[in-house]
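Peer 1: this one's sequence-less:
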């Protein structure tokens, strides 16, 4: 795997291998690159979890991490993302983890030798988050076939939802949607079934809540936070109707008492904290895959 | 010691142990955690000394440091400090060093397993600065009993002063205050004696100057810088009146020619540079204490 | 070499040694300091290449790097650069790499024990860029005697040009200039010959293009980008007239289709990417030189 930019490019077998490898890392397996490798995490949009989780994964694999702050970089002098990535490659960086607001920002970078790992492209894809969600589900249920999984909320702005709904369908899960109808994507009707929140909570094995991304709505939300919670949120009342073994997921950051009642964030059914923990192991598996690929290629910028 | 949030929570014996351990580090003692540990320094207020001093201490102890920039984190999306700390714990961070403008920001974080080290909370406490000040005094005089120590200046806005005056009193020093009367705290009259600057300089063993924190006065200072220097600053004339073995301290950053004459900052009586050097050893002692405590607890996020 | 602040301070022999050492690093030579050393990269102006290249060089030499963000440091509280550098020295930092908008910012810092490496001072000097340019030329042609080297463009705002024109002259190259006449420096006429771009391209061995630094012109450029490209840029037509073995250089970031046609940036004659790669080896040589010097001095802040 030279780059990881979207879930579509991964075969079902490749997804399975990444999840298995993440499981081995969680069991304590150790892997380090044969020669010293270098990574840079270029986050042009705010992030705590994804950024620090990749950094933790890099450190656990013994990959050296270069600092990068877009607001202090030559990007402020008008340099393109391509030229910035070319620079990183020229100085000997092996892997660039990138989050950028432009969808498919990664296309021009793919001809470079540097490995590109997509940490989120606009409303496009967020493959590492999708893989950690899949890992968390598989860890819970052993597999995906026949599982009923709901994705709830701001699907149109969510790159996680976009990555997840396609992957879950391919893996054999039955996908459902809830949330404001104007927030669905066209692809929702092909990939799954829309259902009112109150019906949905009783039937699902997994309820994946999405963050209301105020920052992507230009401040124009047509409802208040408590309205949203009432209509589409996971309230304590709704949670009480969930199946016994059903679980609650959320990619975080959570808007407490909006998507989910404050008291449920760390409840027994919640896997929200576990998702963050699993994120490190998934990212270790992704980084191992691109580093191993890089080790097999002839590189022009060796040191 | 699970966390270090304030001086009040440390017994006299615990303070003594931390100072002794810092002394051993200064002599060259080496300590590293049994398993790899991870720290994150979350500074929501500007800092050079405290931030870099903790980072240096972490590096010297072999603790791996994750990057964190509040302006690039999910805090900008409205995430709370609790959820940010929960995230850090979930991805495997052992110690969070935090500076935040909210007093007692640390209270909700204490139930987490992650160790919290307070790098300054609003006008509340600054225990690592207090400990390095104590270390510097003890290094000079061997102890605290009967020492006359003055704290001069912006006491009401100073978390260092707040931490120091209590600790010095408990350790047996005699505490004095000088500076604009409107800048004293209520607790000053209980803990020590107010004295005009000119009388004070002749009698003290230690003169601790405080920074005029313009950034906390909303630009509304009732005097000019040279007025302040004249009335409450350590001028060359006043310094000439100090006892032979008396020392000058300042937590930095110094406003040269305001709290202290420019020529005195690096003078023979000044321990201002030594305080910064000692800060690294004190922070090594603090970090060792919380890491050792963490090693003895059962952790849920082991890797 | 205690500090590296300008090219003028390096003798021709010292330049030769640094280039040779960089060459050995490029061949795979390894050097690490005898005791753990610490560096801080303080970039008060935006940078990708220089900043990350120094950081990569530090990591390859096993030097530990402290983080520094001017916008989060006490500089925002009015602390001077001297006091910031004094702090770094006090906490045990061995080398400070600094970029700052003030010309000769480094003068007051030279009395400190910390090694100062100039990463660019206003429109003053940029010695590490100059050395990597010289390295790239020497790698190509084996030496400098009799080489015809052109520096083209915004010379008055370019610290690289300032560093390079002096060094090239001393090393025996013949220096030429092109670009808007109002962008020349007074020293240009002493050090070389101004020539129209069209005449120049046919005669040079090396064409060093400079970035049009819009950020230093207060938005007041007297021509459009395509005008500049037409008059002074390296167009495909002009490149076709270059000598067979002649090379194209640019310190980056490149304004594509302004200083140079987009299609030429990575063309066969271009050494632009190689310059970035070479920058790491040159910076390793510089850092080795100041670290070795520091190892021989008595230090006051040992740990």
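Peer 2: Noted; the coordinates are in hand. Owing to the predicted nature of the structure, the values given are computational and were not obtained by experimental measurement. Numbers count the residues shown, from 1 in each chain, chains lettered A, B, ... in the order given.

Peer 1: Around chain C, pick out the residues from chain A.
Peer 2: A:38, A:40, A:64, A:66-69, A:72-80, A:83-84, A:86-88, A:90-93, A:301, A:303 (C-beta under 8 Å from any C-beta of the partner chain). Quick note: C-beta positions are derived from backbone N, CA and C, even for glycine.

Peer 1: Just the ones of those in helices?
Peer 2: Taking DSSP state H, the ones among the residues of chain A next to chain C that sit in helices are A:83-84, A:86-88, A:90.

Peer 1: top of those residues by neighbour count?
Peer 2: residue A:88 (27 neighbours; other C-beta atoms under 10 Å in any protein chain shown).

Peer 1: isn't that one right up against residue A:41?
Peer 2: No - the criterion here is C-beta atoms under 8 Å, and residue A:88 misses it with residue A:41 at 10.9 Å.

Peer 1: Now the residue in chain A that chain B sits nearest to: phi and psi?
Peer 2: Among the residues of chain A, residue A:276 lies closest to chain B, at 3.6 Å counting by C-beta to the nearest C-beta. Backbone torsions for residue A:276, taken as degrees, to the nearest 10, come to phi -70, psi -40.

Peer 1: Is it in contact with residue B:88, as I believe?
Peer 2: No - under the criterion of C-beta under 8 Å, residue A:276 is not in contact with residue B:88, lying 9.2 Å apart.

Peer 1: Kindly report the residues of chain A close to chain B.
Peer 2: A:28, A:43, A:46-49, A:51-53, A:55-56, A:59-60, A:65, A:67, A:69, A:213-215, A:252-256, A:273-274, A:276-277, A:279-280.

Peer 1: Only the buried subset of those residues, as a PyMOL command please.
Peer 2: Buried residues among those (16 or more other C-beta atoms under 10 Å in any protein chain shown), as a PyMOL selection:
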select buried, chain A and resi 43+46+47+48+49+51+52+53+55+56+59+60+65+67+69+214+252+253+254+255+256+273+274+276+277+279+280
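
Peer 1: Filter the residues of chain A next to chain B down to just the ones in strands.
Peer 2: A:43, A:65 (DSSP state E).

Peer 1: Give me the subset of the residues of chain A next to chain B lying in helices.
Peer 2: Among the residues of chain A next to chain B, DSSP H puts A:49, A:51-53, A:55-56, A:59-60, A:273-274, A:276-277, A:279-280 in helices.

Peer 1: will you turn those residues into CSV that also has distance to residue B:15 and pLDDT?
Peer 2: Putting these into CSV (distance: C-beta to C-beta, whole Å; pLDDT from 0 to 100) gives the following:
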residue, distance to residue B:15, pLDDT
A:49, 37, 92
A:51, 37, 96
A:52, 33, 97
A:53, 37, 98
A:55, 35, 98
A:56, 34, 98
A:59, 33, 98
A:60, 36, 98
A:273, 35, 98
A:274, 39, 98
A:276, 36, 98
A:277, 36, 98
A:279, 40, 98
A:280, 37, 98
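
Peer 1: Quickly name whichever of these is closest to residue A:154.
Peer 2: Relative to residue A:154, the closest of those is residue A:49; by C-beta to C-beta it sits at 17.3 Å.

Peer 1: ok, now which ones touch the closest one?
Peer 2: Applying C-beta atoms under 8 Å, 6 or more residues apart in numbering or on different chains to residue A:49 gives the contacts A:251-253, A:276, A:279, B:74, B:87, B:91.

Peer 1: hmm, try it at 10 Å
Peer 2: A:129, A:132, A:251-253, A:275-276, A:279-280, B:73-74, B:79, B:83-84, B:87-88, B:90-91 (C-beta atoms under 10 Å, 6 or more residues apart in numbering or on different chains).

Peer 1: again, but for residue A:105
Peer 2: Contacts for residue A:105 were tallied using C-beta under 10 Å, 6+ apart; they are A:5, A:44, A:81-82, A:85, A:98-99, A:116, A:118, A:120-122, A:124.

Peer 1: and residue A:175, what element?
Peer 2: If you go by DSSP states H and E, residue A:175 is part of strand A:174-178.

Peer 1: Quickly list what's touching both of residue A:88 and residue A:41.
Peer 2: With C-beta under 10 Å, 6+ apart, residue A:88 and residue A:41 have common neighbours A:66, A:68, A:95-96.

Peer 1: Looking at those, state which has the most neighbours.
Peer 2: Most neighbours among the shared contacts of residue A:88 and residue A:41, by other C-beta under 10 Å: residue A:96, with 28 neighbours.

Peer 1: Past the one helix or strand that residue maps to, which element shows up next along the chain?
Peer 2: Using DSSP H and E, the element containing residue A:96 is strand A:95-100. Reading on from strand A:95-100 to the C-terminus, the next helix or strand found by DSSP H and E is strand A:115-121.

Peer 1: Report all helices and strands that whatever helix or strand comes next after that following strand contacts.
Peer 2: Next helix or strand after strand A:115-121 toward the C-terminus (DSSP H and E): helix A:127-141. Other helices and strands packing on helix A:127-141, by 3 or more C-beta pairs under 10 Å, 6 or more residues apart in numbering or on different chains; DSSP states H and E, are helix A:12-26, helix A:49-60, strand A:115-121, strand A:148-152, helix A:159-170, strand A:206-209, strand A:247-249, helix A:272-296.

Peer 1: let's see 6 Å
Peer 2: Packed against helix A:127-141 by the contact rule (3 or more C-beta pairs under 6 Å, 6 or more residues apart in numbering or on different chains; DSSP states H and E) you find helix A:12-26, helix A:159-170, helix A:272-296.

Peer 1: Tell me which residues of that helix come out buried.
Peer 2: Buried, per 16+ other C-beta under 10 Å, within helix A:127-141: A:127-138, A:140-141.

Peer 1: so what's the residue in chain A positioned nearest to chain C scoring on pLDDT?
Peer 2: Nearest residue of chain A to chain C, counting by C-beta to the nearest C-beta: residue A:90, 3.6 Å away. The per-residue pLDDT reported for residue A:90 equals 98.

Peer 1: Tell me who's in contact with the most centrally placed residue in chain A.
Peer 2: When C-alpha atoms, centre = their mean is applied to chain A, the residue found nearest the centroid is residue A:129 (1.6 Å). If you count contacts by C-beta atoms under 6 Å, 6 or more residues apart in numbering or on different chains, residue A:129 has them with A:160, A:251.

Peer 1: for residue A:120, same thing?
Peer 2: Neighbour list for residue A:120: A:99, A:126, A:159 [criterion: C-beta under 6 Å, 6+ apart].

Peer 1: just residue A:183 next, same as before
Peer 2: Under the criterion of C-beta under 6 Å, 6+ apart, the neighbours of residue A:183 are A:154-156.

Peer 1: Then residue A:18?
Peer 2: A:131, A:285.

Peer 1: per-residue confidence at it?
Peer 2: 98.

Peer 1: Kindly report the same for residue A:303.
Peer 2: pLDDT, residue A:303: 37.

Peer 1: Stretch A:175-190 spans what distance, first to last residue?
Peer 2: By C-alpha to C-alpha, to the nearest Å, the extent of stretch A:175-190 from end to end equals 10 Å.

Peer 1: Can you pull the domain assignment for chain A?
Peer 2: Split into domains by the TED database, chain A comes to A:7-126+A:277-301, A:127-270.

Peer 1: Let me know the average pLDDT across the last one.
Peer 2: For domain A:127-270, mean pLDDT rounds to 94.

Peer 1: Ends of that domain, what's the gap?
Peer 2: Taking C-alpha to C-alpha, domain A:127-270 runs 22 Å from one end to the other.
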